[in-house]
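Participant: any chance you can model this:
(chains A and B)
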Amino acid sequence: MRSSRFFFTTLKEAPADADVISQKLMLRAGFIKRAAAGVYTWMPLGLRVLRKVENIVREEMNRAGAIELLMPAVQPAELWQESGRWEKYGPELLRFKDRHQRDFVIGPTHEEVITDVVRRDVKSYRQLPLHLYQIQTKFRDEIRPRFGVMRGREFLMKDGYSFHASRADLEREYQRMYETYTRIFTRLGLKFRAVAADTGSIGGAGSHEFHVIAETGEDDIAYCPDSGYAANVELAEALAPTTPRPPARVPLQKTATPGKTACAEVAEFLQIPLDRLVKAIAVVSEGREGEAPRFALLLLRADHVLNEVKASKIEGFASFRFASETEIVAHLGCEAGYIGPVGVDAGKTRVIADRGAAVMGDFVCGANAAGFHLTGVNWGRDCPEPEIADLRNVVAGDPSPDGKGKLALCRGIEVGHIFQLRATYARALDCGYLDEQGKRQIMEMGCYGIGVSRVVGAAIEQGHDEKGIIFPAAIAPFQAAIVPMGYHKNEAARLAADALYAELVSIGFDVLLDDRDERPGSLFADMELIGVPHRIVVSERGLKDGRLELKGRRDSEAVLLEKEALLDALKAKLCAS
RNA sequence: CGGGGCGUAGCGCAGUCUGGCAGCGCAUCUGCUUUGGGAGCAGAGGGUCGUGAGUUCAAAUCCCACCGCCCCGACCA
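Facilitator: From the prediction side, this is the model:
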């Protein structure tokens, strides 16, 4: 490609409303243009990157035996009503009516459509297993789209769905997809980590997320450098402390702590470390219609943080919320800030302690009286033994749940997710087959997603500097750029640049000849901004010695090479990736 | 949904308090000079000042309503 025949525009200043680096750089580099909140046009330069990601994903899915198809973005409401998600899916599901007042949705995902396709055409175990996938535009009406293409409302996704005659075969395909995803993100040139993820109501070890490691990620990941264990913090188990609860040494005492409602303030006021305090979090579950709301007090060591996913697994609290001030006063006779487990009415309030809080002795907590805390509190002696559960987020240094080493934490951007759906959708939509005995069975399903457009943003979050984007060669808009000095003034440089361009194209390189009539500084700055991994400068001064100049995007200095040596160097670098 | 902020040329912003010719930098166009790190000089084009309705001799500026966007808040006992 020649710049003069291509179309791209760059900006010196990023639009003021961009809030993450990838969004700023994508706007500055002219990869995307905002059309509405969370909705973007992919400009030709950005589209080249998107297509490269897409093609790697496609190649590897095909290699793994999955078969591509393309489903509609617009889906009839009937399928969603049949699966039950018409009611369950919230306002993220964009619904609309056509001219005949029939209900439709713009697909946020395609379980319903694919299951409908398969149930119509697959009748026999002989047609299984079957793995179908597509790379298609999705729409989710996020409350607050942000971070450019990383949390857009409209985005490009690869979604695959596999169908099986047995759970064992689903597990085999799941493992194959785990390996395929590992291969995909490796080829994309990204630093990533596969982590165990929450499986929600389905349970089992049936879900992994693939995260690109980046400081700006929205997810916390716990991993063990020694054992290879990795899990989303939502899921990572905090093991019960191995040290037993110490015996009570001091008597229960009520202490005035006027105005000290936050744990940190209480600890400072009493001159004790934060981990001697127990904090109480009041939660409510609405329960079914006609039932009274259920109330519970969750107790954690004050320096620990409540994990809401874990809390939602408490029996009866699947969809809990934090209690209102009124509810707290009604159950505990005191406002928030001074509440605790001592003296609560066991008939009305469940007391559930995190494993860490359950082994504490002589601790401090709220006295259920405004302006007072209790010191020297001990389970069993001063209040009933609590229910015990794993309620907190793990922290760096916690023992790994597999018992081998200690956990570390990092942040990640979720770019892939694989999931053993089992029969959830197949049952709802009655997707079955006849087995060897001619008996009808419900299929086992898996689903496998990759956020293709999000990968582009994640790659930039991971690879950039003050000059702009640094792409891995596999997904850069061009593998290399030829930058001639004085293309429009100097015939020798022009002829040499044209010849080199023709030669690189003929051997299959995706190269940009920057033949714009601009000053060198502008050309350099633009090539660096858009993240081209290799730059070749053709100048009269180098040509005098028969040399060209090669510089990697991360290099500080260029090297002067004769043409053949330069071709060899480029081949070595680009073919390796 | 609650709180805060913003909306002026393609991009970044000033001007609003205190009403009085709609500005600056970058980008764009023309000419000359320049040519290895986002050039200089001279000139030019480009605006429903988010929308609507008011107040006023006069509104980007004041009042009211609406729309859009951004940020913060759903880890709090």
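
Participant: residues of the stretch 451-577 of chain A that sit close to RNA strand B?
Facilitator: A:467-468, A:485-486, A:489, A:519-522, A:524-526, A:528-529, A:537, A:539, A:541-542, A:549, A:551, A:558 (C-beta under 7 Å from any atom of the strand). Yep, even glycine has a C-beta here, placed from its N, CA and C like the rest.

Participant: domain assignment for chain A?
Facilitator: Annotated domains of chain A cover A:3-7+A:17-237+A:409-460, A:253-389, A:478-576 [automatic domain parsing].

Participant: mean pLDDT for those domains - can I get that in CSV?
Facilitator: Formatted as CSV, the domains of chain A follow (pLDDT from 0 to 100):
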stretch, mean pLDDT
domain A:3-7+A:17-237+A:409-460, 91
domain A:253-389, 86
domain A:478-576, 95
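
Participant: let me know which of the ones you listed is the nearest to residue A:401.
Facilitator: Nearest to residue A:401, of all the domains of chain A, is domain A:3-7+A:17-237+A:409-460, at 4.3 Å by C-beta to C-beta.

Participant: so how far is that closest one from its chain's centroid?
Facilitator: Relative to the mean C-alpha coordinate of its chain, domain A:3-7+A:17-237+A:409-460 is positioned 11 Å out (C-alpha atoms, centre = their mean, to the nearest Å).

Participant: could you find the closest non-adjacent residue to residue A:385?
Facilitator: Spatial nearest neighbour of residue A:385, excluding adjacent residues (C-beta to C-beta, 6 or more residues apart in numbering): residue A:379 at 5.5 Å.

Participant: mind listing what the one you found touches?
Facilitator: Counting by C-beta atoms under 8 Å, 6 or more residues apart in numbering, residue A:379 touches A:245, A:353, A:358, A:360, A:361, A:385, A:386.

Participant: among the residues you listed, name the ones in strands.
Facilitator: Members of those lying in strands (criterion: DSSP state E): residue A:353.

Participant: about what we covered before: and the residue nearest to residue A:385, how far from RNA strand B?
Facilitator: Taking C-beta to the nearest atom of the strand, to the nearest Å as the measure, residue A:379 falls 17 Å from RNA strand B.

Participant: what do you get for residue A:119?
Facilitator: Per C-beta to the nearest atom of the strand, residue A:119 is found 35 Å from RNA strand B.

Participant: that residue contacts residue A:433, doesn't it?
Facilitator: No: counting by C-beta atoms under 8 Å, residue A:119 stays clear of residue A:433, with 9.1 Å between them.

Participant: who's more crowded, these two?
Facilitator: Ranked by neighbour count (other C-beta atoms under 10 Å), residue A:119 and residue A:433 place residue A:433 first, with 22 against 17.

Participant: identify the bridge partners of that one.
Facilitator: Residue A:433 has the following beta-bridge partners by DSSP bridges: residue A:441.

Participant: is it in contact with residue A:165, as I believe?
Facilitator: Yes: contact criterion C-beta under 8 Å: residue A:433 and residue A:165 qualify, at 6.7 Å.

Participant: common neighbours of these two, please.
Facilitator: A:125, A:128, A:441, A:443.

Participant: before we move on, the earlier item: so which of the residues of the stretch 451-577 of chain A next to RNA strand B are in helices?
Facilitator: Residues of those located in helices (DSSP state H): A:520, A:521, A:522, A:524, A:525, A:526, A:528, A:529, A:541, A:542.

Participant: could you single out the nearest of these to RNA strand B?
Facilitator: Nearest to RNA strand B among those is residue A:521, at 2.6 Å by C-beta to the nearest atom of the strand.

Participant: who's in contact with the residue in the stretch 101-250 of chain A that RNA strand B sits nearest to?
Facilitator: Closest residue of the stretch 101-250 of chain A to RNA strand B, C-beta to the nearest atom of the strand: residue A:146 (4.1 Å). Neighbour list for residue A:146: A:19, A:20, A:38 [criterion: C-beta under 8 Å, 6+ apart].

Participant: make a markdown table out of the residues you listed and add neighbour count.
Facilitator: Listed next are these as a markdown table, based on neighbours: other C-beta atoms under 10 Å:
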| residue | neighbour count |
| --- | --- |
| A:19 | 11 |
| A:20 | 18 |
| A:38 | 21 |
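
Participant: just to revisit the earlier point, show me the two of the ones in helices among the residues of the stretch 451-577 of chain A next to RNA strand B that sit farthest apart.
Facilitator: It's A:529 and A:541 that sit farthest apart of these, by C-beta to C-beta, at 25.2 Å.

Participant: between these two, who's got more neighbours?
Facilitator: A count of neighbours by other C-beta under 10 Å puts residue A:529 above the other of residue A:529 and residue A:541, at 19 against 11.

Participant: residues contacting the closest residue to that one other than its chain neighbours?
Facilitator: Leaving out its chain neighbours, the residue that sits closest to residue A:529 by C-beta to C-beta, 6+ apart is residue A:468, at 3.5 Å. Residues in contact with residue A:468 (C-beta under 8 Å, 6+ apart) are A:25, A:28, A:29, A:528, A:529, A:530, A:531.

Participant: let's see 7 Å
Facilitator: By C-beta atoms under 7 Å, 6 or more residues apart in numbering, the residues touching residue A:468 are A:25, A:29, A:528, A:529, A:530, A:531.

Participant: tell me the contacts of residue A:305?
Facilitator: The contact partners of residue A:305, taken as C-beta under 7 Å, 6+ apart, are A:392, A:393.

Participant: how near is it to RNA strand B?
Facilitator: 3 Å.

Participant: closest to the centroid, which residue in chain A?
Facilitator: Nearest to the geometric centre of chain A sits residue A:414, at 1.7 Å (C-alpha atoms, centre = their mean).

Participant: by contact count, what packs against the particular helix or strand that has it in it?
Facilitator: Assigned by DSSP states H and E, residue A:414 falls within strand A:408-422. Contacts defined by 3 or more C-beta pairs under 7 Å, 6 or more residues apart in numbering; DSSP states H and E place strand A:408-422 against helix A:167-187, strand A:207-213, strand A:219-223, strand A:444-451, helix A:452-462.

Participant: how about residues contacting the helix or strand that it is followed by?
Facilitator: Next along the chain after strand A:408-422, taking DSSP H and E as the criterion, comes helix A:424-428. With contact meaning C-beta under 7 Å, 6+ apart, helix A:424-428 is reached by A:82, A:83, A:84, A:111, A:115, A:202, A:442, A:443, A:445.

Participant: mind checking the SS state of the fifth one?
Facilitator: In three-state terms, and counting by DSSP: H, G, I helix; E, B strand; the rest coil, residue A:115 is helix.

Participant: quick check: it vs residue A:167, distance?
Facilitator: Separation of residue A:115 from residue A:167 (C-beta to C-beta, to the nearest Å): 17 Å.
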